[in-house]
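K.L.:
Any chance you could fold what I've pasted below:
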Amino acid sequence: MPDLELQGVSPLSFNCEGGLILNRSTFIMQPGQALELENFEPDVGGGYKRMLGFRPFVNQIVPETNTAGEAVLLSTQFNNFVLAARGEKIFSSASSEVSQGVASTTAMTGSGILNMDSTDGFSSSGTVQINSEIFTYTGKTALTLTGVTRATSSTTAAAHAVDDVVSETWTVRDTGRTSAARYNFERYNFDGNEKIIVVDQTNAPTIFNTSLAATDVSNSAVAGAKHIAAFKNHMFYSGMSATPQEIVFSEPFDEDAFVSGQGAGSIKVDDTIVGLRAFRGDLFIFCENRIFKLGGSSLSDFAIVPVTRNIGCVNGFTILEFAGDLVFLGPDGLRTVAGTARIGDVELGTISTNVQQLFRDNLTNAEAFVSLVIPDKTQYRIFFSKEGQAQTSSLGAICVMKGQAFEFSTMKGIRPACADTVVEAGDVVAIHGGFDGFIYRQERSNTFDGALINAKYRSPDLSMGDPGVRKHMQRVNINYAPESTLDADLFVRYDYESSNSIRPAPYPLDSTNVAGTYGSSTYGNAVYGGPSQPIVRKAVEGSGFAVALRVEDGATATAPYTLKGFQLEFQVGARR
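P.N.:
This next block holds a predicted model:
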């Protein structure tokens, strides 16, 4: 390999790491950090990965109960059922994916078979939908629906690919939920039977067993609860409109029994409660301006102590356990409640300093914000959902823990009304309910429900250690990890993108060196035996005292790819 120094060419190499940085001068930023990182996510495997999108988790819209403008107020899974609430009702459905493709010409007239990943949650007979085609069936096994007839209900037979969604029609499970708002819920098992309890800020808390039979909690003292938590075998309720500072807890092992002499009781704090979360042997009580924790194991020794009287939580739906801590949205951004090495001690920390401007710009009207975690990516997502905002312009933030540091990026184009994450046999299912009435699954598409994912990366302005010396750019080498062919462009910009600086045309990112995967790659568009992390060398033009790199995609729907690092080759010119 020729010696670059002997040719008068100097290299600058850097890994893509550090995430989005909005609180430092470009002069002191590390080369691998980003000034712009939209719809890319810091990857625990290294680099910045173009994020996946979302698609319907259930093909049928959750039925409206009054108006078509009703948002989904609950979206979760329980006992293999998909649970959703909209308007005055709670519904269930079942969802799986096709494990063997279906050709449009395959005949199914009463004896057909649909192969699926699982039939758990599906009725023994009934109706399902794949894309826009409706099927009926008369039986099922663990992995198939049998006795299938296709193209029913005046639909047309179509081709369906592996991993296309198969879903059941919605079944009403509870009605009459007047003026329900966004739901909180808790899964628990007090008596050997799995249950889920939901609260909607207005009506009586409702318990569902594994058959989804609904039972209301009878005690009027907890009607209209906003928050729910199972702790030390008691059920804790708070957020009742008449008593916003009070927590009511049930008798042990009975979520619907409240006799004080049998272990039930109530506790008050001196601030309005916005959320409850059990964590490391304590129940944390988040308020508007303060945080408390409840210790002990029963009525006889329950005791509240303050964690802080100076910091509160802006939105209780942002409180989630993430990377071994509790994360919540405070008035100054994301914070953690972290257990320390000392027993009973708690440490509060802020983790979003690098992107403080992002939170400062979006914290107004935070009531509708939604969050979820994606455990296999060590990732926390917060969506800045706001009333009346278009989905295409809705923003959010991604937080990834890498080692002992947190890295951030932004999202644009996802606007959930509610969300949840369930891990089933190692499969992470991150779902959200939309303002349009559908339930969606994230991490399952190369588009945002058909809309292109516009992803952007911008490096700092790189002066190579001396902003007073002109650099004549020769080449940019890009190291990336693709999952398929690419459709992205590299932009080279000079002198802090001054209008007086040269602006070379974009350089298409080369995909001819992408390794082909047998059975999924298109002949002629991939290289058999090619590198899985190619280094693409781009001869570039232009010069300046500082140079920045941009990568943008979104012209077509493509699979994710990871930007691993760059090498800039340049010749040193004259001093300014």
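K.L.:
how far away is residue 85 from residue 124?
P.N.:
Residue 85 is 25 Å from residue 124, where distance means CB to CB, to the nearest Å. Heads up, the C-betas are built off the backbone N, CA and C, glycines and all.
K.L.:
From the neighbour counts alone, determine which of these two ranks first.
P.N.:
The neighbour comparison of residue 85 against residue 124 (other CB atoms under 10 Å) goes to residue 85, with 30 against 9.
K.L.:
who touches the more buried one in this structure?
P.N.:
Residues near residue 85 by CB atoms under 8 Å, 6 or more residues apart in numbering: 72-74, 91, 177, 180, 183, 198, 200.
K.L.:
Dig out what it forms beta bridges with.
P.N.:
Note on residue 85: beta-bridge partners by DSSP bridges are residue 74, residue 90.
K.L.:
Kindly report the same for residue 195.
P.N.:
Under the criterion used here (DSSP bridges), residue 195 is bridged to residue 188.
K.L.:
With residue 84 as the reference, measure out to it.
P.N.:
On the measure of CB to CB, residue 195 and residue 84 end up 18 Å apart.
K.L.:
Same question for residue 124.
P.N.:
22 Å.
K.L.:
State the mean pLDDT of stretch 106-115.
P.N.:
Averaged across stretch 106-115, pLDDT comes to 96.
K.L.:
Any buried residues in it, and which?
P.N.:
108, 112-114 (16 or more other CB atoms under 10 Å).
K.L.:
need the contact list for residue 353.
P.N.:
23, 333.
K.L.:
And the pLDDT at it?
P.N.:
93.
K.L.:
now do residue 339
P.N.:
pLDDT, residue 339: 53.
K.L.:
How about residue 2?
P.N.:
50.
K.L.:
those strands in the stretch 301-450 of the chain, which residues are they?
P.N.:
303-308, 315-322, 325-330, 333-339, 346-350, 370-374, 379-383, 395-402, 405-412, 416-424, 427-434, 439-442 (DSSP state E, counting those that start in this stretch).
K.L.:
Also the stretch 451-576 of the chain?
P.N.:
455-458, 469-482, 488-494, 507-508, 535-539, 543-544, 547-553, 561-575.
K.L.:
JSON lines please, covering those strands and showing mean pLDDT and distance to residue 234.
P.N.:
Listed next are these as JSON lines, based on pLDDT from 0 to 100; distance: least, CB to CB, whole Å:
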{"stretch": "strand 455-458", "mean pLDDT": "98", "distance to residue 234": "47"}
{"stretch": "strand 469-482", "mean pLDDT": "94", "distance to residue 234": "49"}
{"stretch": "strand 488-494", "mean pLDDT": "96", "distance to residue 234": "53"}
{"stretch": "strand 507-508", "mean pLDDT": "92", "distance to residue 234": "61"}
{"stretch": "strand 535-539", "mean pLDDT": "89", "distance to residue 234": "59"}
{"stretch": "strand 543-544", "mean pLDDT": "95", "distance to residue 234": "65"}
{"stretch": "strand 547-553", "mean pLDDT": "96", "distance to residue 234": "51"}
{"stretch": "strand 561-575", "mean pLDDT": "92", "distance to residue 234": "46"}
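K.L.:
any chance of the ones you listed in TSV, with mean neighbour count and distance to residue 292 too?
P.N.:
TSV is the format used below for these (neighbours: other CB atoms under 10 Å; distance: least, CB to CB, whole Å):
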stretch	mean neighbour count	distance to residue 292
strand 455-458	22	42
strand 469-482	19	46
strand 488-494	20	49
strand 507-508	16	56
strand 535-539	14	54
strand 543-544	20	55
strand 547-553	21	46
strand 561-575	19	42
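K.L.:
Of these, give the one that comes closest to residue 405.
P.N.:
strand 561-575 (17.8 Å; CB to CB).
K.L.:
I'd like the strands of the stretch 451-576 of the chain laid out as CSV, including distance to residue 246.
P.N.:
Listed next are the strands of the stretch 451-576 of the chain as CSV, based on distance: least, CB to CB, whole Å:
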stretch, distance to residue 246
strand 455-458, 47
strand 469-482, 53
strand 488-494, 54
strand 507-508, 62
strand 535-539, 62
strand 543-544, 63
strand 547-553, 52
strand 561-575, 49
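K.L.:
Go through these and name the closest to residue 63.
P.N.:
strand 455-458 (34.9 Å).
K.L.:
Now do the closest one: distance to the chain's middle.
P.N.:
How far strand 455-458 lies from its chain's middle: 19 Å, per CA atoms, centre = their mean, to the nearest Å.
K.L.:
repeat for stretch 387-394
P.N.:
Relative to the centre of its chain, stretch 387-394 is centred 17 Å away, using CA atoms, centre = their mean.
K.L.:
send the alpha carbons of that stretch over as CSV?
P.N.:
Extracted C-alpha coordinates of stretch 387-394, given in CSV (Å, rounded to 0.1, in the frame of the first residue of the first chain):
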residue,chain,number,x,y,z
GLU,A,387,-52.0,17.3,20.3
GLY,A,388,-52.7,18.3,16.7
GLN,A,389,-49.2,17.5,15.5
ALA,A,390,-48.8,15.7,12.2
GLN,A,391,-47.0,12.3,12.5
THR,A,392,-44.4,13.3,9.8
SER,A,393,-43.2,16.2,11.9
SER,A,394,-43.4,14.5,15.3
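K.L.:
Counting neighbours, what do you get for the nearest residue in space to residue 77 that is not next to it in sequence?
P.N.:
Closest residue in space to residue 77, ignoring its immediate chain neighbours: residue 422 at 4.6 Å, by CB to CB, 6 or more residues apart in numbering. Residues contacting residue 422 under the criterion other CB under 10 Å number 14.
K.L.:
cool, and residue 501?
P.N.:
16.
K.L.:
Any figure for the gap between it and residue 545?
P.N.:
Counting by CB to CB - residue 501 and residue 545 are separated by 9 Å.
K.L.:
Mutual contacts of the two, please.
P.N.:
494-495.
K.L.:
So residue 195 and residue 84 - more neighbours on which side?
P.N.:
residue 84 (29 against 19).
K.L.:
show me the contacts for the closest residue to the more buried one other than its chain neighbours.
P.N.:
With sequence-adjacent residues excluded and distances taken as CB to CB, 6+ apart, residue 84 is closest to residue 62, at 4.7 Å. Residues in contact with residue 62 (CB under 8 Å, 6+ apart) are 72, 84, 86, 91, 170, 433, 437-439.
K.L.:
hmm, 10 Å instead?
P.N.:
With contacts defined as CB atoms under 10 Å, 6 or more residues apart in numbering, residue 62 is in contact with 70-75, 82, 84-87, 89-91, 93, 170, 433-434, 436-439.
K.L.:
Ok, residue 546 next?
P.N.:
26-27, 460-464, 466-467, 470-471, 493-498, 501.
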